[in-house]
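1. My questions concern the predicted model and sequence given below.
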Amino acid sequence: MTKQRFLVTLFAVLIAGVMLTGCGNNTGKAEEAIKTDKPAKTDEEAEKSLLNEDGGSGDTANADSQAENETGLEDAADLENAEETEIQVFIAASLNTVMTKLAEQYQIEHPQIKITYNADSSGTLLTQIQEGYECDIFFSAAEKQMDQLEADGLVVEGTREKVVNNQVVVVTLKDSGTKVTGLENLGEAESIALAGGSVPVGKYTRQALVNLSILEEAEDVSAITTQQVSEALGGVEISEQDNVGKVLTAVLEGSCEVGTTYYSDTYGYEDDLEILQTVSCDLTGNVIYPIAQVVNDEADETQAQAAKDFISFILTKESKKVFEEYYFDTNVS
């Protein structure tokens, strides 16, 4: 081998050695970077992470479970997975509109629970329950009817709650030209729509007239007849109605010049009705609406739990906002 060829060969060997050394160093750095990067999740950790994202388990799910226990809905998960069921809810007629709205909202999360309303005067509903009508929840417009139901042993212990307050109002059609300005001169009306004494709004109206010294005091104002009210008002014509909804209809149709209803019942009729007077609770007493689960021997466990859950929903802050939108007062004690 010539000297020149030997030098070329030696130079090539040296160049190859440098390149191998460089590649070896880069590979080491890459391996080092992988080792110092965030470690990959184990199969167990990955499974927990996936379940957490789906809301199935893990710390988030445990927190949700704890929150449910704190609100008394420990069986909520079981209820969601339960078969379809139906609950019978007896509501005062003045609750019909707002409760229809609340049922729609509730069934978004609980489509498997069918809610059937029976809306009438609280006195009529009480009688029906006492006679054996199937009922899961009673939502009354007065505490008197709930007191009686509880005395009969038909209220599930620990489920009775005060929900909202209301006010009695004297109403007429707009531009009716009535001389009436309120209960004090109610007798100047040509005709009055008035609920019977067993209907809460009729009882509250009678109580206010007693406190105004228009009606004589009575041990039970509910027992004051419509005829007695008419005579105390100078013989004015009074059309007695079975519930507050029928009072409102009588005024809206113009068959009666004025009527006494609840402030909440004027919702949606602002363009048609004029409120002549909002009667003070000092005259009527507090118009409290209580709710309770009713003893229902025909209900299975799923139905009974659905009734309990629906009452819990009615008592939430979200539901209170809906009640307020429909002119109910949620500041009750």
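-> That came through, no problem. Residues are numbered from 1 along each chain as shown.

2. Ser239 looks like it's in a strand, true?
-> Yes. Counting by DSSP: H, G, I helix; E, B strand; the rest coil, Ser239 is part of a strand.

3. So which bits of the helix or strand harbouring Phe310 are buried?
-> Per DSSP states H and E, Phe310 falls inside helix 301-314. Buried residues in helix 301-314, counted by 16 or more other CB atoms under 10 Å: 302-314. Quick note: C-beta positions are derived from backbone N, CA and C, even for glycine.

4. Check which helices and strands it sits against.
-> If you count contacts as 3 or more CB pairs under 8 Å, 6 or more residues apart in numbering; DSSP states H and E, helix 301-314 packs onto helix 76-80, strand 85-92, helix 96-109, strand 113-120, strand 137-139, strand 287-293.

5. which of the ones you listed is buried the deepest?
-> Stretch with highest mean neighbour count among the helices and strands packed on helix 301-314: strand 137-139 (a mean of 25; mean count of other CB atoms under 10 Å).

6. Quick check: bridge partners of Phe139?
-> For Phe139, the beta-bridge partners are Ile91, Ile291 (DSSP bridges).

7. show me what contacts it?
-> By CB atoms under 8 Å, 6 or more residues apart in numbering, the contact set of Phe139 is Val89, Phe90, Ile91, Ala92, Leu95, Met99, Val163, Tyr289, Pro290, Ile291, Ile314.

8. As PDB, could you dump the C-alpha coordinates of the helix or strand containing Val322?
-> If you go by DSSP H and E, Val322 is part of helix 317-325. Presented in PDB, the C-alpha positions along helix 317-325 are these (Å, rounded to 0.1, in the frame of the first residue of the first chain):
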ATOM      1  CA  LYS A 317     -83.400  26.500  44.900                       C
ATOM      2  CA  GLU A 318     -84.000  26.000  41.200                       C
ATOM      3  CA  SER A 319     -87.700  25.200  41.900                       C
ATOM      4  CA  LYS A 320     -88.000  28.200  44.200                       C
ATOM      5  CA  LYS A 321     -87.000  30.400  41.300                       C
ATOM      6  CA  VAL A 322     -89.800  29.000  39.200                       C
ATOM      7  CA  PHE A 323     -92.300  29.600  41.900                       C
ATOM      8  CA  GLU A 324     -91.200  33.200  42.100                       C
ATOM      9  CA  GLU A 325     -91.600  33.600  38.400                       C
END
